[in-house]
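Participant: Give me coordinates for this.
(4 chains)
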2 protein chains.
Amino acid sequence: MALVNPTRETPVTTADKVFDSMLHAIVEGKIAAGSKISEPELAKQYEISRSTLREALNRLEKCHLIERKANVGSRVVECTIESLLEIYVVRESLEGMACRQAALNMTDDEIVDMKAMLDQHSKVQALQDGVAYYQEEGDLDFHYKVILGSHNKQLINILCGQLYHLVRMYRFQFGMHSPRAARAFDEHYRIIEAISDRDGELAELLMRRHIAASRKNIEKKIALKESESKHKRK
Amino acid sequence: MALVNPTRETPVTTADKVFDSMLHAIVEGKIAAGSKISEPELAKQYEISRSTLREALNRLEKCHLIERKANVGSRVVECTIESLLEIYVVRESLEGMACRQAALNMTDDEIVDMKAMLDQHSKVQALQDGVAYYQEEGDLDFHYKVILGSHNKQLINILCGQLYHLVRMYRFQFGMHSPRAARAFDEHYRIIEAISDRDGELAELLMRRHIAASRKNIEKKIALKESESKHKRK
DNA sequence: AACTTTAAAATTGTCGACAATATTGTAATT
DNA sequence: AATTACAATATTGTCGACAATTTTAAAGTT
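Facilitator: Next up is the predicted model:
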């Protein structure tokens, strides 16, 4: 049961609930990427006032899921390849550091917990090989646990509170079910080992490579798609 | 003439202006760190409605300068040593990567511009040695230029749009006029050299060391202050 | 005197209406 | 026919008022 956002508490205010709802809708593309957001329209749709909607929009903006221009309005961000690669650069940097900090700061209990999670992932993977969805969720679980393990509030906030919503959005929109499940699993294992050894330097290095590999995998896919579409055009 | 925020355009709406005003007030401690923010009071003070104030508060929250709890209200963030060190960890990671990207992506013009800036800093430093203020502003200028040089919107946004407001706040509140002006200047020079050589790996390494040195310098100061206060208590 | 319970006050969340700005569509001009 | 000027429309920004919640104060109980 993968958590969507391990940092946020349960929503109390109606703006909270609308935010949650819109977050899902945007991530899953039900509100299309790049589309304009009409405040009157959405307010009617959710049966709330514009004030409350705007409050929700402000939180979506904090996650970089929408962009706002003064006196013009809000748009859902576009999912461009350039932006995706930019996000991966940031992830490589920040999660690398988070992993180093996790090696220094994680409690023994947290490490035990993370190992248990990996064991379960291996079982799921053995049972339902090829079912990418679970692997994807498992991948997020793993990364969340490492980030939280850094015990660095700034890191946690930027990664879990902001960047990972975008990551999930891209996964949905581009339908990126990683074909490198087995390899990713192995990489996760080694990272946990480094953390368990309290080897911060190695942990950071491995995490950076792990994410860089993922990025290169995407770049390859993009290149493939591009050559395909060129073929068609002929 | 140091820019406070090189990413934001001129404020158009009144909420923009109030945001700018409060940003300065919080950074400079005129609105005390850790203090509660009363919406009715501040709205009266700025002669605006609560809606407009709340819009401004939302932007301050985006910069992590205030924190909000549902049905309770907003507080200015506290300036704790732990949090400061956390920020430095994030900076080390992100600015290191920004520097690597700058080495790859900066235009030749941008590099020329950055070298010119450094030359000017050296003159200012030679003329008014010991005047820390200019050095501090120059330091920010340098870091901003590198970050912008990464040409990575995500990096720029997180660093210039969020983290650097906090950095400036800490500098004000703790009165951290770095006594390592000369050394910092030399480090800046070498970083620019690496960028100029398009050596991303070295550029990242040097920037990380530069920030780590700054962090260690702070840690040393803290330790000093602590031992002093212990002395007093005796 | 310390601790609950309850009522009053204050604060935040939400609403609908109006003002300021941007967008769209139409008519006039070249 | 294309372009500009202007009016009409729609959208966002701002306001003040009310509802929901929390905080404070007071009264009562042990």
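Participant: Flag every residue of chain A that's near chain B.
Facilitator: For chain A, the residues in contact with chain B (CB under 8 Å from any CB of the partner chain) are A:12-13, A:16, A:51, A:54-55, A:58, A:61-62, A:64, A:70-71, A:83, A:86-87, A:89-90, A:92-94, A:96-97, A:101, A:152-155, A:157-158, A:162-163. (C-beta placed from N, C-alpha, C; glycine too.)
Participant: Quick one: the strands in chain A, in order.
Facilitator: For chain A, applying DSSP state E gives strands covering A:36-37, A:66-69, A:73-76.
Participant: which one of these is the most hemmed in?
Facilitator: With neighbours taken as mean count of other CB atoms under 10 Å in any protein chain shown, the strands of chain A reach their highest mean count in strand A:73-76, at a mean of 18.
Participant: where in chain A is pLDDT low?
Facilitator: A:1-8, A:125-135, A:177-179, A:181, A:229-234 (pLDDT under 70).
Participant: what subset of the residues of chain A next to chain B is also close to DNA strand C?
Facilitator: A:13, A:51, A:55, A:71 (CB under 7 Å from any atom of the strand).
Participant: tell me the phi and psi of the first one?
Facilitator: Geometry field for A:Thr13 lists phi and psi as phi -90, psi 160, criterion degrees, to the nearest 10.
Participant: pull the longest helix from chain A.
Facilitator: helix A:200-233 (DSSP state H).
Participant: Buried residues in stretch A:18-27, which are they?
Facilitator: Buried residues in stretch A:18-27, counted by 16 or more other CB atoms under 10 Å in any protein chain shown: A:18-20, A:22-23, A:26-27.
Participant: A:Gly138 is in contact with A:His121, isn't it?
Facilitator: Yes - contact criterion CB atoms under 8 Å: A:Gly138 and A:His121 qualify, at 4.5 Å.
Participant: For burial, what's the neighbour tally of A:Ala33?
Facilitator: Residues contacting A:Ala33 under the criterion other CB atoms under 10 Å in any protein chain shown number 18.
Participant: so which residue of chain A comes closest to DNA strand D?
Facilitator: A:Gly73 (2.9 Å; CB to the nearest atom of the strand).
Participant: which ones are touching that residue?
Facilitator: Listed by CB atoms under 8 Å, 6 or more residues apart in numbering or on different chains, the contact set of A:Gly73 reads A:36-39.
Participant: what's the spacing between A:Asp113 and A:Phe185?
Facilitator: Separation of A:Asp113 from A:Phe185 (CB to CB, to the nearest Å): 18 Å.
Participant: ignore the last one, A:Leu224
Facilitator: In terms of CB to CB, A:Leu224 sits 23 Å off from A:Phe185.
Participant: Neighbour count: these two, which is higher?
Facilitator: Remark: of A:Leu224 and A:Phe185, A:Phe185 carries more neighbours, 17 against 10, as counted by other CB under 10 Å.
Participant: I'd guessed that one sits against A:Ser122; true?
Facilitator: Yes - the criterion here is CB under 8 Å, and A:Phe185 meets it with A:Ser122 at 6.8 Å.
Participant: Apply the buried test to the ones next to DNA strand C among the residues of chain A next to chain B and list what passes.
Facilitator: Those of those that meet the buried threshold are A:Glu55, by 16+ other CB under 10 Å.
Participant: Could you list which of the ones next to DNA strand C among the residues of chain A next to chain B belong to helices?
Facilitator: A:51, A:55.
Participant: Nothing else from me, thank you.
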